[in-house]
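Engineer: Sequence plus the predicted model coming up.
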Amino acid sequence: MIAPALFAVFAAIAVVSALSVILQRNPVTSALFLVVTFCSLAGIYLVLHAEFIGMVQVIVYAGAIMVLFLFVIMYLNLGRDIETGLQIALRRGVGWLMGFALLAAGVALFRHPWAAGPPAPPGPPVGNTQAIGLLLYSRYLFPFEVTSMLLLVAMVGVVVIARGRRAPGPAADLPPGAATGAEPRGDA
Amino acid sequence: MTPVPAPQLIALDWWALGAVIALSAGAMLLLLLEFVPAKPGSSRAAVLSLLTLAISAAAVFVARDARRSIFDGMFVHDGFTVFFTLLFCAIGAVSVLLSWDYVRRTGIHHAEYYVLLLCATLGMIVMAASNDLITIFVGLELMSLGLYVLVGFRRAHLESNEAALKYFLLGAFASGFLLYGIALLYGATGTTSLTRMAAFLSESPLRGNPMFVAGGLLLLTGFAFKVAAVPFHMWTPDAYDGAPTSVTAFMSAGAKAAGFAALLRVGLTALGGMPAEWGPILSAIAILTMTVGNVTALLQTNLKRMLAYSSIAHAGYILVALVAGGRDGASAALFYLAVYSFMNLGAFGIVTMLGRGREERVLVSDLAGLGFRQPLVGLAMTVFMISLGGIPPTAGFMGKVYVFKVALGAGLVPLVIIGVLNSVVSVFYYLRVTVALYMQEPQGEPTEVSWAAPAVVALLVTLALTLWWGIQAHDLLLEAQRSVMGLL
């Protein structure tokens, strides 16, 4: 009964935030909405009892990949701030306030004596992590390995496209016979 | 939850994976060898690629009569796999031969070029050799990623960059369609395995189930993009034109054959022949593809763009065979794909040889007078054009004969009439090339030809096959029929 309701809530959040990703003008805001999308997808996975995928979704996508995304966006400086000093001061104040609140909560939690939880249920622990691992390395071994080739190709491709962007020139002026060594390589 | 399979799945017939393992190992070896830089101008990478492709082809050829389904159908070794693995290895080998000199004179002579070419070939084989939608998708992505980078390999060229970006963005979009289609099919049938999907559908046919129909159509859209069928062809002229010509040759033959291979396997294995709902849609796509491709090709002055539109039109003829459906339709499609691959490789191969050094001559008018100055180029180009136009005694003619015969057998008279009319239209622009070769005077500087032994070998092989299959088509057709029969 509760699962369909939860699904509806997470799905609605996912759709709305996904739309916001493409409708926002500021790339940083877009990226943050993408985090919301990933988190609501993780919620849907949890509703489906796929705890492992849900956690991976949060850790890998919402965590690692989005940090890279934001890093690149800020590096390229796409969203130029045009704010007055007052707004910045206000944000800074709120930031300090939130930081202290978080620190206080952490300290309070660690000082509180917690009771031990219920004992683990008897029998071998069968989590879906184990099931995924077994499937991945038996039935799905072939697509899994092809995927690693895919990642290799992606890596090689990135190197090919990004390498020596600044110096494609010299080889272009050489006579055809001397151009066999091609463009300078490995100067990135 | 699916029961955890017993470990005996690992103790499987590894020999069935011979081609896949050889190609992966060859690609990785090429990368590792870069730690020991080759002498400038060495052909090490090209030679190793040829060797890898030869080993890979030999690995399936020695086991051509065996039938295996391993990893629960994730990889299938059957006649269909053997046919397409041999075809892809041949396409790869001819492309390597064509690239040999071309990449040097255009300054893109890196080992990574061949690594990506081998990996793309691997992706094509995986697409054709799997009975599972997940693996088909991963194979398709492997092929596509390799091709995106190869198209943009000339980084200093703006056209190459533009082509790669366009191909990449539209390709990613099409992959999204395909993946969504796979998800919906999984939702409707509860499996991604093609054989289990067939079993499920035979028990409870999902005629008119919206999720199933939508999934199938999205899948069709994804594949239609890869084979460049109208209205999903917008990327084709730009990508073919901007890419290095040797890459254009490779992708025009390989990617199209791989897309059709996967579509045929899904259609024949999972959906029990093409589903009835697809008939009118496939017919419409086929008519549009033939007509738009041929009519637009008429207007081109750039040889690469003309051949790009011609490759779109050829996808339309193959779609006619798919509409006819059944094993006959499939074998006609296989025959046509093999024939098309070699005549197209040959035609693009000649384009790779035009011009000296970094100069590239890709206009139809650049061919003016070339037929008398370079008789071999003139003769070969004429044969390829005649074959592409479907005039006897060439392989292209036999391909069209089989496709239209099967379509007539299935009662598709209007489709055949439109196809034949289109062939007549196409003769006009193919012959324009021949007219330029023999009956026009060059304006400005006449085009030079960069002769290189490997390219000549590739040219002779494609020329011989184009003529041989025009005279002795029966053997190849028999092979095509046999490989479709053995579909696991």
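Structural biologist: Noted; the coordinates are in hand.
Engineer: next helix or strand past the stretch of helix or strand residue B:377 belongs to?
Structural biologist: Under the criterion of DSSP states H and E, residue B:377 resides in helix B:375-389. Next helix or strand after helix B:375-389 toward the C-terminus (DSSP H and E): helix B:395-409.
Engineer: pLDDT below threshold where in the stretch 351-488 of chain B?
Structural biologist: Judged against pLDDT under 70, the low-scoring parts of the stretch 351-488 of chain B cover residues B:486, B:488.
Engineer: Secondary structure class of the residue of it found nearest chain A, three-state.
Structural biologist: The stretch 351-488 of chain B approaches chain A most closely through residue B:357 (2.8 Å), counting by C-beta to the nearest C-beta. For the C-beta atoms, the positions are set from N, CA and C on the backbone; glycine is no exception. When classified by DSSP: H, G, I helix; E, B strand; the rest coil, residue B:357 comes out as coil.
Engineer: how near is it to residue A:49?
Structural biologist: With distances defined as C-beta to C-beta, to the nearest Å, the gap from residue B:357 to residue A:49 amounts to 64 Å.
Engineer: Quick one: residues contacting residue B:31.
Structural biologist: A:156, B:111-112, B:115 (C-beta atoms under 8 Å, 6 or more residues apart in numbering or on different chains).
Engineer: A helix includes it, no?
Structural biologist: Yes. Assignment of residue B:31 by three-state DSSP places it within a helix.
Engineer: More neighbours: residue B:357 and residue A:49, which one.
Structural biologist: residue B:357 (17 against 11; other C-beta atoms under 10 Å in any protein chain shown).
Engineer: my read: the more buried one touches residue B:105, true?
Structural biologist: Yes. In this structure residue B:357 lies within contact range of residue B:105 using C-beta atoms under 8 Å: 5.5 Å.
Engineer: ok so, going back, among the contacts of residue B:31, who's most crowded?
Structural biologist: For the contacts of residue B:31, the largest neighbour count, defined by other C-beta under 10 Å, is 27 neighbours, found at residue B:115.
Engineer: re the thing from before, among the contacts of residue B:31, which are in helices?
Structural biologist: A:156, B:111-112, B:115 (DSSP state H).
Engineer: Report the two of the residues you listed separated the most.
Structural biologist: Taking C-beta to C-beta as the measure, these reach their widest spread between A:156 and B:111, a distance of 9.7 Å.
Engineer: Columns pLDDT on top of the ones in helices among the contacts of residue B:31, output as JSON lines?
Structural biologist: Converted to JSON lines, the ones in helices among the contacts of residue B:31 look like this (pLDDT from 0 to 100):
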{"residue": "A:156", "pLDDT": "93"}
{"residue": "B:111", "pLDDT": "89"}
{"residue": "B:112", "pLDDT": "91"}
{"residue": "B:115", "pLDDT": "95"}
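Engineer: for those residues, which one is nearest residue B:62?
Structural biologist: residue B:115 (25.8 Å).
Engineer: distance of residue B:144 from residue B:174?
Structural biologist: Applying C-beta to C-beta to residue B:144 and residue B:174 gives a distance of 9 Å.
Engineer: These two: who's more crowded?
Structural biologist: Counting neighbours by other C-beta under 10 Å for residue B:144 and for residue B:174 shows that residue B:144 has the greater number, 25 against 20.
Engineer: Run the chain-centre distance for the helix or strand where residue A:52 lies.
Structural biologist: In this structure, residue A:52 sits in helix A:51-56 according to DSSP H and E. Mean-position distance between helix A:51-56 and its chain equals 13 Å (C-alpha atoms, centre = their mean, to the nearest Å).
Engineer: Repeat that for stretch A:38-53.
Structural biologist: Per C-alpha atoms, centre = their mean, the centroid offset for stretch A:38-53 relative to its chain is 15 Å.
Engineer: quick one: that stretch near chain B?
Structural biologist: No. Where contact is defined by C-beta under 8 Å from any C-beta of the partner chain, no part of stretch A:38-53 touches chain B; the two come within 9.6 Å at best.
Engineer: Contacts for that stretch, please.
Structural biologist: Around stretch A:38-53, the neighbours that count as contacts under C-beta under 8 Å, 6+ apart are A:3, A:6-7, A:9-11, A:13-14, A:17, A:54-55, A:57-58, A:61-62, A:66, A:127-129, A:132.
Engineer: how about low-confidence regions in chain B?
Structural biologist: B:1-11, B:272-276, B:486, B:488.
Engineer: So which residues of it form strands?
Structural biologist: If DSSP state E is used as the criterion, the strands of chain B fall at B:68-70, B:75-77.
Engineer: give the contact list for residue B:235.
Structural biologist: B:166-167, B:170-171, B:225, B:228.
Engineer: of all those, which comes closest to residue B:151?
Structural biologist: Where those are concerned, and distances follow C-beta to C-beta, residue B:151 has its nearest neighbour in residue B:167, at 5.4 Å.
Engineer: Output the longest helix belonging to chain A.
Structural biologist: As far as residue count goes, and with DSSP H defining each element, the longest helix of chain A is helix A:85-111.
Engineer: Pull the distance from it to the chain's centre.
Structural biologist: The chain centre lies 25 Å from the centre of helix A:85-111; the measure is C-alpha atoms, centre = their mean.
Engineer: Downstream of that helix, the next helix or strand is which one?
Structural biologist: Proceeding C-terminally, helix A:85-111 gives way to helix A:128-136 as the next helix or strand, assigned by DSSP H and E.
Engineer: how far is that next one from where the chain is centred?
Structural biologist: For helix A:128-136, the gap between its own C-alpha mean and the chain's C-alpha mean amounts to 22 Å (C-alpha atoms, centre = their mean).
Engineer: how about that helix as CSV, C-alpha atoms only?
Structural biologist: Output of helix A:128-136 as CSV, limited to C-alpha atoms (Å, rounded to 0.1, in the frame of the first residue of the first chain):
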residue,chain,number,x,y,z
ASN,A,128,21.1,-8.5,-2.8
THR,A,129,24.7,-7.3,-3.1
GLN,A,130,25.8,-10.9,-3.0
ALA,A,131,23.2,-11.9,-5.5
ILE,A,132,24.3,-9.1,-7.9
GLY,A,133,27.9,-10.1,-7.5
LEU,A,134,27.1,-13.7,-8.3
LEU,A,135,25.0,-12.8,-11.4
LEU,A,136,27.5,-10.3,-12.6
